[in-house]
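S.K.: Any chance you could fold what I've pasted below:
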Amino acid sequence: MHAPAETLRFERMTDVLRRTPCTTLWLVAIWVIFFVELITHAPGNQAMLMRLGALPVTGIVHGQYWRLLTYALLHSAWWHIGLNTLGLWICGPVVERALGPRATLVISVAGAILGGVAILLVHHNGPASIELGASGALFALLGAGLVSTWRRPGISLSSYRRLRAILIVGLAISFTPEVSMAAHLGGLASGMALAWMWRAKAALG
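M.R.: Next up, the predicted model:
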């Protein structure tokens, strides 16, 4: 007997998650934190989001540099976490297959942190508000994925084209209100730079 289609899809999904532990870690982390947000009624409540680790664009509060990472685990709404989940699900496995889980973890965390730094540099004179979301990490993985799939043997051209399409859509979204272009570009630049370094190191043996 053939296994039901639903069972096969589930098995394929779990296999992907086992082979991409960094992507899985990010997805589990942001969804666990999002449910904490829902329980505490944090979405739309800046005071509660600050307590959970959001990043104030006016500057780091009392040396709380950990906010440069924790803000990336928070999301403002279902659509926000949904878009980042989709992006991580597509970009993360590409990078993990090309560079490995350790490099993927370093790139994604660096993208989140440098995206946060870019937010502070660009928006520090703006009105008091907060930033949150995993898009800095996502754009870092997107940049790393583009570098990793560019004319690389064994990587399908469709993967590169898919990432390129996400980049175009992501940059278009960056121009919408309440979306930080700085975080996206900061993450993208860091991801591309780190991926080039990893590729150069691998080429040298």
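S.K.: Could you look up the SS state of T58?
M.R.: coil (DSSP: H, G, I helix; E, B strand; the rest coil).
S.K.: Tell me the buried residues in stretch 176-192?
M.R.: For stretch 176-192, the neighbour count (16 or more other CB atoms under 10 Å) marks 180, 182-192 as buried. Bear in mind the C-beta positions are built from the backbone N, C-alpha and C, glycine included.
S.K.: cool, and stretch 144-152?
M.R.: Using 16+ other CB under 10 Å as the test for burial, stretch 144-152 gives 144-149.
S.K.: what does stretch 70-87 give?
M.R.: For stretch 70-87, by 16+ other CB under 10 Å, it's 70-76, 80-81, 83-85, 87.
S.K.: Report the spatially closest residue to the residue positioned nearest the centre of the chain, excluding sequence-adjacent ones.
M.R.: Closest to where the C-alpha atoms of the chain average out (CA atoms, centre = their mean) is L138, at 2.3 Å. In this structure, L138 finds its nearest non-sequential neighbour in G87, 4.5 Å apart by CB to CB, 6 or more residues apart in numbering.
S.K.: So what's the residue count around W66?
M.R.: 10 (other CB atoms under 10 Å).
S.K.: so what's the backbone phi/psi at the closest residue to it other than its chain neighbours?
M.R.: In space, and not counting its chain neighbours, W66 is closest to G53: 7.3 Å by CB to CB, 6+ apart. Per-residue torsions, G53: phi 120, psi 20 (degrees, to the nearest 10).
S.K.: Can you check the pLDDT for G53?
M.R.: pLDDT, G53: 96.
S.K.: which residues sit in contact with the residue nearest to the centre of the chain?
M.R.: L138 makes contact with 84, 87-88, 91, 111, 170, 187 under the criterion CB atoms under 8 Å, 6 or more residues apart in numbering.
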